[in-house]
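>>> Could you work out the structure for the sequence below:
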Amino acid sequence: MFNVPMSVLPEVRDSAGELGIADRAVLGQSLRIAGVAGDQQAALVGQACFAAGDVKSTYGTGAFLVLNTARQLVPSKNRLLSTIAYQLNGVVTYALEGSILSAGAAIQWLRDGLGLISQASDIEALAASTPHSGGVYLVPAFTGLGAPYWDPDARAGILGLTRASTRNEIARATLDSVAYQTYDLLDAMAADGLRPETLKVDGGMSQNNLFMQRLADVLGMAVRRPTNPESTAFGAACLAGLGCGLYRSLEEIAALHRSETRFEPALGARRARDSNHGLARCSAAGKINLNPR
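Numbering: from 1, shown residues only. Sure, this is the predicted structure:
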(Lines give C-alpha, C1' and ligand atoms only; values in the text may rest on other atoms or scores of the structure.)
Protein backbone atom coordinates (compact mmCIF):
# COMPACT_ATOMS: atom_id res chain seq x y z
CA MET A 1 0.00 0.00 0.00
CA PHE A 2 2.80 2.42 0.91
CA ASN A 3 5.47 1.00 -1.47
CA VAL A 4 7.71 -0.01 1.44
CA PRO A 5 10.20 -2.67 0.28
CA MET A 6 9.85 -5.99 2.11
CA SER A 7 13.64 -5.97 2.58
CA VAL A 8 13.46 -3.14 5.12
CA LEU A 9 10.70 -4.69 7.23
CA PRO A 10 11.55 -6.78 10.32
CA GLU A 11 11.60 -10.54 10.02
CA VAL A 12 8.92 -12.52 11.83
CA ARG A 13 10.81 -14.86 14.14
CA ASP A 14 9.83 -17.60 16.53
CA SER A 15 8.50 -16.33 19.86
CA ALA A 16 10.89 -18.59 21.77
CA GLY A 17 14.43 -19.74 20.96
CA GLU A 18 17.80 -18.22 20.12
CA LEU A 19 16.86 -14.61 19.42
CA GLY A 20 20.10 -12.81 20.23
CA ILE A 21 22.25 -11.46 23.04
CA ALA A 22 21.50 -8.40 25.15
CA ASP A 23 24.36 -5.89 24.95
CA ARG A 24 26.75 -5.93 27.90
CA ALA A 25 26.92 -2.12 27.77
CA VAL A 26 23.19 -1.92 28.56
CA LEU A 27 22.78 -4.53 31.30
CA GLY A 28 26.32 -4.91 32.59
CA GLN A 29 26.50 -8.48 31.32
CA SER A 30 25.61 -10.38 28.18
CA LEU A 31 22.28 -12.17 28.51
CA ARG A 32 20.51 -14.48 26.09
CA ILE A 33 17.23 -13.26 24.65
CA ALA A 34 15.10 -16.40 24.51
CA GLY A 35 11.55 -15.06 24.23
CA VAL A 36 9.80 -12.20 22.45
CA ALA A 37 6.15 -11.12 22.25
CA GLY A 38 3.94 -8.09 22.15
CA ASP A 39 2.23 -7.36 25.45
CA GLN A 40 -1.18 -8.75 24.48
CA GLN A 41 0.35 -11.83 22.87
CA ALA A 42 2.37 -12.39 26.03
CA ALA A 43 -0.82 -12.16 28.11
CA LEU A 44 -2.44 -14.74 25.82
CA VAL A 45 0.45 -17.10 26.60
CA GLY A 46 0.33 -16.22 30.32
CA GLN A 47 -3.36 -17.17 30.35
CA ALA A 48 -2.58 -20.48 28.60
CA CYS A 49 -4.90 -19.65 25.70
CA PHE A 50 -3.35 -22.27 23.43
CA ALA A 51 -6.45 -23.84 21.88
CA ALA A 52 -8.60 -22.45 19.09
CA GLY A 53 -11.40 -20.40 20.65
CA ASP A 54 -9.53 -19.59 23.87
CA VAL A 55 -9.94 -15.89 24.63
CA LYS A 56 -8.54 -13.48 27.19
CA SER A 57 -9.13 -9.82 27.99
CA THR A 58 -6.56 -7.65 29.73
CA TYR A 59 -8.00 -4.68 31.65
CA GLY A 60 -5.49 -1.89 32.18
CA THR A 61 -5.66 1.73 31.05
CA GLY A 62 -7.27 0.30 27.93
CA ALA A 63 -8.56 -3.22 27.44
CA PHE A 64 -7.55 -5.76 24.82
CA LEU A 65 -9.48 -8.88 23.96
CA VAL A 66 -7.54 -11.52 22.00
CA LEU A 67 -8.96 -14.81 20.71
CA ASN A 68 -6.80 -17.71 19.52
CA THR A 69 -7.75 -18.80 15.98
CA ALA A 70 -5.03 -21.50 15.77
CA ARG A 71 -3.59 -22.04 12.28
CA GLN A 72 -6.32 -20.01 10.58
CA LEU A 73 -5.84 -16.32 9.85
CA VAL A 74 -9.40 -15.01 10.18
CA PRO A 75 -10.03 -11.84 8.14
CA SER A 76 -12.60 -9.99 10.23
CA LYS A 77 -15.63 -8.56 8.47
CA ASN A 78 -16.58 -6.67 11.63
CA ARG A 79 -13.64 -4.31 12.10
CA LEU A 80 -11.47 -6.44 14.36
CA LEU A 81 -7.74 -7.00 13.83
CA SER A 82 -6.20 -10.21 12.54
CA THR A 83 -2.77 -10.77 14.05
CA ILE A 84 -0.11 -13.33 14.93
CA ALA A 85 -0.54 -14.77 18.42
CA TYR A 86 2.83 -16.51 18.51
CA GLN A 87 5.15 -18.57 16.33
CA LEU A 88 6.97 -21.69 17.53
CA ASN A 89 9.28 -23.90 15.46
CA GLY A 90 8.23 -21.97 12.37
CA VAL A 91 4.53 -22.72 12.90
CA VAL A 92 2.32 -19.64 13.21
CA THR A 93 -0.68 -19.42 15.54
CA TYR A 94 -3.04 -16.56 14.67
CA ALA A 95 -5.47 -14.49 16.70
CA LEU A 96 -8.30 -11.98 16.42
CA GLU A 97 -7.98 -8.83 18.52
CA GLY A 98 -10.29 -6.05 19.65
CA SER A 99 -9.11 -2.92 21.43
CA ILE A 100 -10.93 -0.78 24.01
CA LEU A 101 -9.28 2.62 24.36
CA SER A 102 -10.68 3.56 27.77
CA ALA A 103 -11.10 1.01 30.55
CA GLY A 104 -9.03 1.86 33.61
CA ALA A 105 -8.55 5.30 32.03
CA ALA A 106 -12.22 6.04 32.71
CA ILE A 107 -11.70 5.21 36.39
CA GLN A 108 -8.60 7.41 36.44
CA TRP A 109 -10.78 10.25 35.13
CA LEU A 110 -13.24 9.78 37.99
CA ARG A 111 -10.28 10.04 40.35
CA ASP A 112 -8.16 12.78 38.76
CA GLY A 113 -10.68 14.70 36.68
CA LEU A 114 -13.80 14.68 38.86
CA GLY A 115 -12.32 13.85 42.27
CA LEU A 116 -15.09 11.32 42.97
CA ILE A 117 -12.65 8.80 44.44
CA SER A 118 -9.25 9.05 46.14
CA GLN A 119 -7.75 5.95 44.55
CA ALA A 120 -8.81 3.70 41.71
CA SER A 121 -9.71 0.79 43.99
CA ASP A 122 -12.33 2.95 45.74
CA ILE A 123 -14.67 2.61 42.76
CA GLU A 124 -15.78 -0.89 43.79
CA ALA A 125 -17.29 0.21 47.10
CA LEU A 126 -18.76 3.37 45.55
CA ALA A 127 -20.41 1.49 42.70
CA ALA A 128 -21.60 -1.27 45.03
CA SER A 129 -23.53 1.26 47.10
CA THR A 130 -26.24 1.34 44.43
CA PRO A 131 -27.90 -1.73 42.84
CA HIS A 132 -27.79 -0.27 39.32
CA SER A 133 -26.82 2.85 37.38
CA GLY A 134 -30.29 4.38 37.60
CA GLY A 135 -30.47 4.81 33.84
CA VAL A 136 -27.11 6.60 33.68
CA TYR A 137 -24.76 5.58 30.85
CA LEU A 138 -21.16 6.61 30.26
CA VAL A 139 -19.71 6.63 26.75
CA PRO A 140 -15.96 6.60 27.57
CA ALA A 141 -14.73 8.10 24.30
CA PHE A 142 -12.10 10.27 26.00
CA THR A 143 -9.66 9.58 23.17
CA GLY A 144 -12.22 8.36 20.64
CA LEU A 145 -13.68 4.87 20.34
CA GLY A 146 -11.68 1.76 19.50
CA ALA A 147 -12.95 -1.48 18.00
CA PRO A 148 -15.37 -2.07 16.43
CA TYR A 149 -16.20 1.63 15.87
CA TRP A 150 -12.72 3.10 15.17
CA ASP A 151 -13.91 6.68 15.56
CA PRO A 152 -11.05 8.94 16.71
CA ASP A 153 -13.28 12.02 16.70
CA ALA A 154 -15.95 10.66 19.06
CA ARG A 155 -16.01 12.31 22.46
CA ALA A 156 -17.15 11.08 25.86
CA GLY A 157 -20.56 11.71 27.33
CA ILE A 158 -22.68 10.91 30.36
CA LEU A 159 -26.29 10.24 29.42
CA GLY A 160 -29.49 9.72 31.40
CA LEU A 161 -28.71 12.04 34.32
CA THR A 162 -31.59 13.13 36.58
CA ARG A 163 -31.76 15.05 39.85
CA ALA A 164 -31.63 11.67 41.57
CA SER A 165 -28.29 10.79 39.99
CA THR A 166 -25.28 10.75 42.33
CA ARG A 167 -21.63 9.85 42.09
CA ASN A 168 -22.65 6.30 42.97
CA GLU A 169 -24.61 5.91 39.72
CA ILE A 170 -21.80 7.52 37.72
CA ALA A 171 -19.30 5.07 39.24
CA ARG A 172 -21.61 2.16 38.40
CA ALA A 173 -22.08 3.44 34.84
CA THR A 174 -18.30 3.69 34.45
CA LEU A 175 -17.80 0.02 35.29
CA ASP A 176 -20.76 -0.89 33.09
CA SER A 177 -19.20 0.98 30.16
CA VAL A 178 -16.20 -1.36 30.17
CA ALA A 179 -18.47 -4.41 30.32
CA TYR A 180 -20.56 -3.04 27.44
CA GLN A 181 -17.47 -2.40 25.31
CA THR A 182 -16.31 -5.96 25.97
CA TYR A 183 -19.74 -7.15 24.85
CA ASP A 184 -19.32 -5.16 21.63
CA LEU A 185 -16.03 -6.93 20.90
CA LEU A 186 -17.40 -10.41 21.60
CA ASP A 187 -20.48 -9.56 19.54
CA ALA A 188 -18.21 -8.63 16.61
CA MET A 189 -16.29 -11.88 17.05
CA ALA A 190 -19.56 -13.81 17.06
CA ALA A 191 -20.50 -12.08 13.79
CA ASP A 192 -17.19 -13.37 12.42
CA GLY A 193 -18.28 -16.88 13.44
CA LEU A 194 -16.28 -17.16 16.67
CA ARG A 195 -18.25 -17.72 19.89
CA PRO A 196 -16.15 -18.52 22.98
CA GLU A 197 -17.86 -19.92 26.06
CA THR A 198 -15.50 -18.58 28.74
CA LEU A 199 -13.50 -15.37 29.08
CA LYS A 200 -10.16 -15.30 30.91
CA VAL A 201 -9.31 -11.93 32.43
CA ASP A 202 -6.27 -10.21 33.91
CA GLY A 203 -4.92 -6.73 34.59
CA GLY A 204 -5.63 -4.23 37.34
CA MET A 205 -9.40 -3.98 36.84
CA SER A 206 -9.75 -7.75 37.13
CA GLN A 207 -9.22 -7.40 40.90
CA ASN A 208 -12.58 -5.59 41.15
CA ASN A 209 -15.07 -8.34 42.11
CA LEU A 210 -18.11 -6.18 41.38
CA PHE A 211 -16.85 -5.49 37.86
CA MET A 212 -16.03 -9.15 37.32
CA GLN A 213 -19.57 -10.21 38.27
CA ARG A 214 -21.10 -7.44 36.17
CA LEU A 215 -18.94 -8.55 33.25
CA ALA A 216 -20.18 -12.13 33.56
CA ASP A 217 -23.79 -10.90 33.74
CA VAL A 218 -23.55 -8.61 30.72
CA LEU A 219 -21.67 -11.14 28.61
CA GLY A 220 -23.79 -14.07 29.72
CA MET A 221 -20.69 -16.23 30.08
CA ALA A 222 -18.29 -17.43 32.75
CA VAL A 223 -15.36 -15.15 33.57
CA ARG A 224 -12.18 -16.70 34.96
CA ARG A 225 -9.55 -14.74 36.90
CA PRO A 226 -6.09 -16.26 37.47
CA THR A 227 -4.17 -16.26 40.73
CA ASN A 228 -1.54 -14.11 39.02
CA PRO A 229 -3.16 -10.99 37.48
CA GLU A 230 0.12 -10.00 35.76
CA SER A 231 -0.38 -12.37 32.83
CA THR A 232 1.68 -10.25 30.42
CA ALA A 233 4.89 -10.47 32.45
CA PHE A 234 4.21 -14.12 33.28
CA GLY A 235 3.65 -14.99 29.61
CA ALA A 236 6.87 -13.26 28.56
CA ALA A 237 8.75 -15.22 31.23
CA CYS A 238 7.14 -18.47 30.04
CA LEU A 239 8.27 -17.84 26.46
CA ALA A 240 11.81 -17.16 27.67
CA GLY A 241 11.66 -20.36 29.71
CA LEU A 242 10.51 -22.26 26.65
CA GLY A 243 13.27 -20.70 24.55
CA CYS A 244 16.05 -21.66 26.95
CA GLY A 245 14.78 -25.18 27.64
CA LEU A 246 13.32 -24.61 31.11
CA TYR A 247 9.99 -25.78 29.67
CA ARG A 248 9.72 -28.31 26.89
CA SER A 249 6.22 -27.57 25.58
CA LEU A 250 3.17 -25.36 25.79
CA GLU A 251 1.51 -28.14 27.77
CA GLU A 252 4.04 -27.65 30.55
CA ILE A 253 3.33 -23.92 30.53
CA ALA A 254 -0.43 -24.55 30.58
CA ALA A 255 0.03 -26.72 33.69
CA LEU A 256 1.37 -23.64 35.52
CA HIS A 257 -1.84 -21.67 34.98
CA ARG A 258 -4.17 -21.39 37.97
CA SER A 259 -7.64 -19.85 38.05
CA GLU A 260 -8.35 -18.09 41.34
CA THR A 261 -12.04 -17.30 40.89
CA ARG A 262 -14.76 -18.16 38.40
CA PHE A 263 -17.64 -15.70 38.03
CA GLU A 264 -20.86 -17.13 36.62
CA PRO A 265 -23.75 -15.09 35.13
CA ALA A 266 -26.24 -14.42 37.91
CA LEU A 267 -28.99 -12.50 36.11
CA GLY A 268 -32.29 -14.21 35.40
CA ALA A 269 -33.53 -14.36 31.81
CA ARG A 270 -35.78 -11.30 32.17
CA ARG A 271 -33.15 -9.18 33.89
CA ALA A 272 -30.61 -10.23 31.26
CA ARG A 273 -32.97 -9.03 28.53
CA ASP A 274 -33.43 -5.73 30.36
CA SER A 275 -29.67 -5.36 30.72
CA ASN A 276 -29.09 -6.03 27.04
CA HIS A 277 -31.80 -3.49 26.18
CA GLY A 278 -29.81 -0.93 28.12
CA LEU A 279 -26.68 -2.18 26.42
CA ALA A 280 -28.21 -1.58 23.01
CA ARG A 281 -29.05 2.01 23.96
CA CYS A 282 -25.55 2.60 25.30
CA SER A 283 -23.95 1.07 22.21
CA ALA A 284 -26.09 3.28 20.01
CA ALA A 285 -24.96 6.29 22.01
CA GLY A 286 -21.38 5.16 21.50
CA LYS A 287 -21.86 5.43 17.75
CA ILE A 288 -22.89 9.08 18.00
CA ASN A 289 -20.11 11.45 17.00
CA LEU A 290 -19.79 13.60 20.09
CA ASN A 291 -17.08 15.80 18.56
CA PRO A 292 -17.68 19.31 19.96
CA ARG A 293 -16.71 20.79 16.60
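
>>> nearest residue to Leu250 other than its sequence neighbours?
Phe50 (5.0 Å; C-beta to C-beta, 6 or more residues apart in numbering). Bear in mind the C-beta positions are built from the backbone N, C-alpha and C, glycine included.

>>> didn't the one you found look like it was pressed against Asn68?
Yes. The criterion here is C-beta atoms under 8 Å, and Phe50 meets it with Asn68 at 6.9 Å.

>>> In terms of packing, which of these two has more residues around it?
More crowded of Phe50 and Asn68, by other C-beta atoms under 10 Å: Asn68, with 22 against 19.

>>> What is the helix or strand hosting Glu260 packed up against?
Glu260 belongs to strand 259-263 when assigned by DSSP states H and E. The contact analysis (3 or more C-beta pairs under 8 Å, 6 or more residues apart in numbering; DSSP states H and E) places strand 259-263 against helix 209-219, strand 222-226.

>>> Residues that sit against both of Phe50 and Asn68, list them.
Overlap between the contact sets of Phe50 and Asn68, as judged by C-beta atoms under 8 Å, 6 or more residues apart in numbering, is given by Thr93.

>>> mind listing what's buried in the top strand by length along the chain?
The single longest strand within the chain, with elements called by DSSP state E, is strand 91-100. Within strand 91-100, the residues that count as buried by 16 or more other C-beta atoms under 10 Å are 93-100.

>>> Distance of Arg111 relative to Ala105?
In this view, Arg111 and Ala105 are 11 Å apart by C-beta to C-beta, to the nearest Å.

>>> ditto for Gly245
From Gly245 over to Ala105 the distance is 40 Å, taken as C-beta to C-beta.

>>> For those two, indicate the residue with more neighbours.
A direct count of neighbours by other C-beta under 10 Å for Gly245 and Ala105 places Ala105 higher, at 17 against 9.
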